[in-house]
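>>> Sequence isn't available, so here's the structure alone:
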């Protein structure tokens, strides 16, 4: 349930209301809105009477949240969540531009591509140091050496870093170098990892698993939120289908549908839904038109030599041209990069 507090309520009253709820074994989450303060209660107890809650001084109203995902629900928080990391805003009218290689390969590569990202107006540099691959014989990433390189490149060009963390044992290590943790599709339901990142104190981008429903996806986000992390970003990257010509089906409909279900921002990753780079262009344009809070694009200066996902990577020239297209589309819908 959510407890809507009266306007001009005092901090002492808020503490009294929170204590009253906690006495029943409820977990209380506070959300300060523009007009009202709301307390979310998780774990309704059988002996808890909502009618009595309404009579507590300072309480304006009490509403049951019917969604299984409580803290991620639009009912809990009607205002869009906006995540700010240095110069980056995710969830506002300023669209986020995230780009970089699939894998960090060497210092020359990551510095060259970081410069391209900065020149395009991007504020977040992506790149994998730990790579979960279908084949055990594929390139698995440079590990901590890769993390050091992407951090150096990002700092040089005044960019933020987003990189993937694959297991709980890596959280502290990756956290030393990244600004945003990325949870890959394979780990969307890695609940021990979600719990750990809920306490990590940095924003988390949660990618949708290729077989997950929207509710399952939001329930995974709920693990992060319920363990203390309010800065959660959803990332649509395509779902598995029966058809072979496409790598994945890019579920554009999830973007506007999620707008009604959750307050969390949704980023689009057209690169991972594509089989070839030419497919990335129309899907990226469509994602911005559909209302995505930004895009994450894979780029490489020599895609034919890339150690991972080369066929879907855009060359710097093609990437820059795409961003110019996206800026025009954003302007039409009242947003900007």
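All right, it came through fine. The structure presented is a predicted model; accordingly, all values stated were derived computationally and were not measured.
>>> could you pull out the helices for the stretch 151-300 of the chain?
Secondary structure of the stretch 151-300 of the chain by DSSP state H, counting those that start in this stretch: the helices cover 171-175, 191-198, 214-226, 254-261, 270-273, 277-290.
>>> what domains does the record give for the chain?
With domains defined by automatic domain parsing, the chain comprises 2-63, 83-332.
>>> between those domains, which one is nearest to residue 69?
Evaluated with C-beta to C-beta, the domains of the chain place domain 83-332 nearest to residue 69, the distance being 4.2 Å. C-betas here are computed from N, CA, C, even on glycine.
>>> returning to that earlier point: go through the helices of the stretch 151-300 of the chain and pick out the most buried.
Per residue and on average, the most neighbours among those fall to helix 270-273, with a mean of 25 (mean count of other C-beta atoms under 10 Å).
>>> Name the residues that touch it?
Residues outside helix 270-273 that contact it (C-beta atoms under 8 Å, 6 or more residues apart in numbering): 185, 237-238, 246-250, 279-280, 283-284, 287, 295-298, 309, 312-314.
>>> Report the helix or strand with the lowest average pLDDT across the protein.
Here the helix or strand of the chain ranked lowest by mean pLDDT, DSSP states H and E is helix 50-54, holding a mean of 84.
>>> So for that one, what gets flagged as buried?
Residues of helix 50-54 classed as buried under the neighbour-count rule (16 or more other C-beta atoms under 10 Å) are residue 53.
>>> ok, and the closest non-adjacent residue to residue 29?
residue 40 (4.2 Å; C-beta to C-beta, 6 or more residues apart in numbering).
>>> wait, isn't the one you found in contact with residue 21?
No - under the criterion of C-beta atoms under 8 Å, residue 40 makes no contact with residue 21, lying 9.9 Å away.
>>> can you state the direction angle for the host helix or strand of residue 319 and helix 277-290?
Here residue 319 sits within helix 316-332, counting by DSSP states H and E. Angle of helix 316-332 versus helix 277-290, following axes from the mean of the first three to the mean of the last three C-alpha atoms, to 10 degrees, is 20 degrees.
>>> Give the buried residues for helix 316-332.
Under the neighbour-count criterion of 16+ other C-beta under 10 Å, helix 316-332 has 316, 318, 319, 322, 323, 326, 327, 329, 330 buried.
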